[in-house]
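Asker: the following block contains a protein sequence and its predicted model.
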Amino acid sequence: MSADLLTVEGLSIAYGPTGVVHDVSFSVAKGESLALIGESGSGKSTIAKAVLRLLPHGEATAAGRVALNGRDILALPEKQFRPLRGRQLGFIPQDPASALNPVRTIGAQAQEAAALLGETDPSVRRGRILDVLEQVGLPDPVRVYDSYPHQLSGGMLQRVLIALTVLPRPSLIVADEPTSALDVTVQKLILDMLTELRRDLDISLLLITHDLAIAAERADSLVVLKDGAVQESGPSRDVFAAPRTDYARSLQADVPALHPDRYRDQRTAFQPARDGDYRTGHVSSPSARLQIDVRDVTKRFSAGGMDVLACDGVSFSVERGRTHALVGESGSGKTTAVRLLLGLEQPDGGQIAVAGQSTSGRSRAEVRDIRRHLQLVYQNPFTSLDPTWRVSRIIREPLDQFGVGTKPERAQRVREALEAVGLPSDVASRRPAHLSGGQRQRVAIARALVVRPDVVVLDEPTSALDVSVQAGILELLSKLQRELDLTYLFVSHDLALVRQVADTVSVLRKGQVVEDGAVEDIFSRPQHPYTRALLDSIPLATPAAALGEVATEAKQLAKATA
Amino acid sequence: MTAILSNAQLRNVGSASRKLTAGLPPATVILSFAVILVVILWSLVPGLFTSLSPVTGDTASKLAAPSAAHWFGTDYLGRDQYARVVHGTASSVTSALVAVLIGLVVGSIIGLASGFRGGWVDAVLGRFVDVLLAIPGFLLAVVIVSSLGFQTINAAIATGVSAVAVFARLMRAEVMRVRSASYVEASYLEGGNRLHALLGHVLPNAYRSVLVLAVLQFGTSILIIASLAFLGYGDPPPASDWGLLVASGKTYVTAPWLVYAPALVIVVTVLSVNRISRWLRNAK
Amino acid sequence: MTGDYRRFALTRAAQAIVVVLLAYVFTFLIISVLPGDAITNTLRDPQHGLSEEDIQRIVAFYGLDQPVVIQLLLSLGRFLTGELGFSLQSNLPVSQLVGDALPSTLTLATTALVIAIVFAGAIAYGAQYLPGKWAAIVRSIPSFFLSVPNFVIGLVLIEFFAFRLHSFTTTDPNSPVATLFAAITLAIPVSAPLAEVLIASLDHESRQEYAVVARSRGLTEARLFAKHLVKPAALPSVAMVALIVGELLGGSVITETIFGRDGIGTVVQKAVTGEDQPVLQAVVSLSAVVFVAVNLVADLASPLLDPRVKIRETKLKEKVGA
């Protein structure tokens, strides 16, 4: 093994009196990749900022040693450190949409990166920029060069940022959650591209991520962080295959991609349906058992003179006690489908029936009554609870509005609901600001369940939460489904998660259902290329070394044929 | 799982208790509250602070410089300037309060209707607010007070009307922000009607920043009313509104305290109000 | 895109015209409908020495013997053709009164605007780049500026610079130095909100991810400020500068009184004390025209200056279409 490129020894960082990173040590060898893994509050991003010397001035204090090629960069005066920026140390940020100046063109900002090459002629620099933009797979580099950031998609912007980072050929790139703001299929493409570039140009990588599966797939070694301290570290395959600490073990157990059957055995005795006939395959009168039946629904929005067909003949149905998933990326129409179902938007055409009752052509009061059987849990628990209300009032709101029971009965049901979602009773008197994300989502679930609905729509209920919290919520949901015979409509972009929780699934793309069926079928025999692309984007969770071998083999093959 | 949950809980309790133990507001804010308290007492019980009369003076000691007997000196009739400032407080402060109330109530109703109802209501009210904004605030106040007559209460009404637009705009923006929050949508799904959403969710979440603006606007109103009084558009002498005191003091070049004492009182009061407003805004 | 922009520009221009007309009507209502039969009081005031024929002529001109609605239509019709009527006090055309006073106020207001922008820029830069303690002090300046009444600033400046240092004399209020100090008086309260907007948007921009990324490429703070932060931070201030114009027009009433300048502010003062309604109506409506015009320019310029605004433009179009 060659000498270490980056060595971090005993790094501690504090914001004022609050320590956020405690005595962290690790090292990255030349050409190697290392992933820092942790949930929110683990200090992983703070460490990345410290390595880049981008911690806010005066607010954060760092102690310890961060050495790049043997030079302690924390001790260097800014003047001596500045030449290392970009040239030795590259940075790929988390959210590509905010990482480029919105009022300057891509080209103008790329010129700054190109200036680090020491090239003085702007036209030569432009040539180099266009080359590297092409290298990262942008189809029309000249157009990109002249564009403003808001004219490009998130995936394209992240390609631009990677291009600008690799352009000066740094020896180390720090990538802070480089794909978590992107759609899943784009994530995989970006990570593949980054892996390949890195190998071609011999650049080391410090990858910051919350996603253990991505880390294991893309990094040679892992450092697991919790509350600012190292829990476990070592080569990816070791940490991954045999985690030694409880925390790493639970983290590993909570990753959906690694445990497709985690909640399956807990669920009601569900017999896998026979091929292709999951909708009608049950002997007992099928229509009576359908809790949700959406038939051929269309919805058109016009925005900026353009008509967008958000839902184009979408059909799906869910049987009582089952979980049906709507899967798709942003713009697939899954959110619109849910809003139509809940009556928040009116469909342009098609039929929607809930518990056998059609919602179209009914009076306000009747629709209101149907809604009672149909509740929603929002994606983001930080915006779905009124910050000025106490938890008890939040959970009681549906009872008050639907006029259910007497006052003491309502209070009793609120207590029961809190207990059912596993929250201590003293939470009732708190406001949402004093709860964690996971607790808030439990409150939102309690609010949805307190009117005893038959159907609960779960709109990406865990995507704003850490994986360990996510696992707790999913466990709770599956327990409640069993106990209360609930029907779930689960909306998600995460196929790995869907495989864990759903019985049946509809894959949506551009407002159309491209494929539907039982989860087992879709996952084992995907028919549509888009479904296959989505499935491919689930991290393989094979340690990077193995992946590397495959890649080099492929490259040798390519050379041989060339 | 329970272990992880309790960890998350611990983290959160930690940050919450840190906020609580942050405790007392900064020293400047406490000082500001003290100033406001004094000003309120001046206006409620001026007799407690000075035994001298604001209207009759001892001409023998006219235009005397500040001393232990006359903190702010005396004016051309030998009246104690401190007594005049203290007795002028009630009118200066109450009129600013009236102005803020007019702006707050009328502006909030317009903003609420505009933001919550939308559509043509928003379009009509929006144009009305545009009109109020288009006429420079101070000019508008001058025109209104000249139509209503030169009295401090009319100056207050004029100041209030010219503040309506600011309140309406902020309230509308806040209502629009809250209206699109998912907890408002959730309340519809839970069977709530529009009135419930408005009173239960939108107002409680929107009014805070409007109240912060009201505090700030209180300071601004003191300034505008003082300016109107300075131009002679308030109650005539022997009233002793702060702005009027500055105006009548400026003729006596040899007795600058006649200008500086009331001017300082205005500045310190408004500065304190602004400090409190900023503190409220940041504490929110 | 250009078609979109033209439609956007036309809509905004139409809205601006509607607002100006409504402002005229609103002012008219305040002046004529609110209590007090000022106009005839003024006319009958023996001090003016108007003959009975003069009075009859004026009553006929303004339609004073007819219902308010007719008076309004008469007045609005004349306003649309650029005719502002006659002063009740001096019997001079209002346009002449305003025309004589305008240059002085224009000089004062433009100088004040420049000073306000310079002040605000300096405060914002200091708040961002001075070392810790100094930055905190600089940050509190706008709040202080907002707490001092215009007339106090003026009186203090006169006391020190005219009476003690003899930099200028109050007997010659139109001298360049006197004008400068009058402009400073007007500029100080006006610079405060501008400085606050600049500070806030500089804070916002320098915390943005793109600033961090630019730093990671080795940009110095000075280059970062010049190349990245100035433009996005200054763009929101364009709207603020436009709003400030209204404050300048209002504030000039006080400033001109204190410094003894003859300008629009003095005209307003005289009209108020003399209950000269046509003059008040004209000055207030013209101020509204200036304010609306400046804001229209700022509105129309922002999509051209700021590439981000183009998105909002389409949204606006939807709203107008709906």
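Answerer: That came through fine.
Asker: give me the helices and strands touching the helix or strand where B:Leu170 lies, please.
Answerer: According to DSSP states H and E, B:Leu170 maps onto helix B:152-179. Contacts defined by 3 or more Cβ pairs under 8 Å, 6 or more residues apart in numbering or on different chains; DSSP states H and E place helix B:152-179 against helix B:81-117, helix B:119-134, helix B:137-148, helix B:203-230. The C-beta positions use only the backbone N, C-alpha and C, and glycine is treated the same way.
Asker: okay if I get the ones you listed as TSV plus mean pLDDT?
Answerer: Listed next are those as TSV, based on pLDDT from 0 to 100:
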stretch	mean pLDDT
helix B:81-117	91
helix B:119-134	90
helix B:137-148	90
helix B:203-230	91
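Asker: on that earlier part again, the helix holding B:Leu170: how far from the chain's middle?
Answerer: Counting by Cα atoms, centre = their mean, to the nearest Å, helix B:152-179 is centred 12 Å from the centre of its parent chain.
Asker: run through the chain and note the low-pLDDT ranges.
Answerer: If you meant another chain, say so; for now it's chain A. A:1-2, A:264-288, A:303-306, A:361, A:540-562 (pLDDT under 70).
Asker: if you could check chain C rather than the one you did, that'd help
Answerer: Within chain C, the stretches with pLDDT under 70 are C:1-2, C:33-50, C:308-322.
Asker: number of nearby residues for whatever residue of it ends up closest to chain A?
Answerer: When scored by Cβ to the nearest Cβ, chain C has C:Gly218 as its residue closest to chain A, at 3.4 Å. As a burial measure, C:Gly218 scores 21 neighbours (other Cβ atoms under 10 Å in any protein chain shown).
Asker: does it touch A:Arg87 like I think?
Answerer: Yes - assessed by Cβ atoms under 8 Å, C:Gly218 is found in contact with A:Arg87 at 7.3 Å.
Asker: any idea how far chain C is from B:Tyr183?
Answerer: Using Cβ to the nearest Cβ, to the nearest Å, one obtains 24 Å as the distance from B:Tyr183 to chain C.
Asker: the host helix or strand of that residue close to chain A?
Answerer: If you go by DSSP H and E, B:Tyr183 is part of helix B:182-189. Yes - legend: contact between helix B:182-189 and chain A by Cβ under 8 Å from any Cβ of the partner chain is shown at B:182-183, B:185-189.
Asker: what helices or strands is that helix leaning on?
Answerer: Applying 3+ Cβ pairs under 8 Å, 6+ apart, one finds that helix B:182-189 contacts strand A:374-377.
Asker: so what touches the strand it packs on?
Answerer: Contacts with strand A:374-377, where a contact means Cβ atoms under 8 Å, 6 or more residues apart in numbering or on different chains, come from A:338, A:341-342, A:354, A:384, A:398, A:441, A:444-445, A:447-449, A:451, A:453-459, A:461, B:186, B:189-190.
Asker: tell me which of those residues fall in helices.
Answerer: Applying DSSP state H to those, the entries found in helices are A:338, A:341, A:398, A:441, A:444-445, A:447-449, B:186, B:189.
Asker: what about B:Pro262, neighbour count?
Answerer: Around B:Pro262 there are 29 other residues, counting by other Cβ under 10 Å.
Asker: ok, and the closest non-adjacent residue to it?
Answerer: B:Leu245 (4.0 Å; Cβ to Cβ, 6 or more residues apart in numbering or on different chains).
Asker: quick one: the one you found from chain C, how far?
Answerer: Distance, B:Leu245 to chain C, using Cβ to the nearest Cβ: 11 Å.
Asker: near chain C, which residues of the stretch 151-284 of chain B are found?
Answerer: B:219-220, B:223, B:226-227, B:230-231, B:233, B:243, B:246-247, B:250, B:253, B:256, B:259, B:263, B:266-267, B:270-271, B:274-275, B:278.
Asker: repeat the analysis, applying 7 Å as the threshold.
Answerer: Within the stretch 151-284 of chain B, the positions near chain C by Cβ under 7 Å from any Cβ of the partner chain are B:219, B:223, B:226-227, B:230-231, B:246, B:250, B:253, B:256, B:259, B:263, B:266-267, B:270-271, B:274, B:278.
Asker: buried ones among these?
Answerer: Among these, those buried by neighbour count (16 or more other Cβ atoms under 10 Å in any protein chain shown) are B:219, B:223, B:226-227, B:230-231, B:246, B:250, B:256, B:259, B:263, B:266-267, B:270-271, B:274, B:278.
Asker: near chain C, which residues of the stretch 101-250 of chain A?
Answerer: Contact residues (Cβ under 7 Å from any Cβ) of the stretch 101-250 of chain A with chain C: A:101-103, A:112-113, A:116, A:148, A:150.
Asker: could you redo the last one with a cut-off of 10 Å?
Answerer: A:101-105, A:108-109, A:111-113, A:115-116, A:147-151, A:161, A:164-165, A:167-168, A:174, A:176 (Cβ under 10 Å from any Cβ of the partner chain).
Asker: tell me which of these fall in strands.
Answerer: Judged by DSSP state E, strands contain the following of those: A:174, A:176.
Asker: re earlier: how near is the residue nearest to B:Pro262 to B:Ala60?
Answerer: B:Leu245 sits 21 Å away from B:Ala60, going by Cβ to Cβ, to the nearest Å.
Asker: so how far is stretch B:261-273 from its chain's centroid?
Answerer: On the basis of Cα atoms, centre = their mean, stretch B:261-273 is displaced by 13 Å from the centre of the chain it belongs to.
Asker: equivalent analysis for stretch B:254-267, please.
Answerer: Stretch B:254-267 sits 21 Å away from the centroid of its parent chain (Cα atoms, centre = their mean).
Asker: for chain B, what are the nearby residues on the stretch 251-400 of chain A?
Answerer: Residues of the stretch 251-400 of chain A lying close to chain B (Cβ under 10 Å from any Cβ) are A:251, A:254, A:339, A:342-344, A:364, A:368-369, A:371-372, A:374-389, A:393-394, A:396-400.
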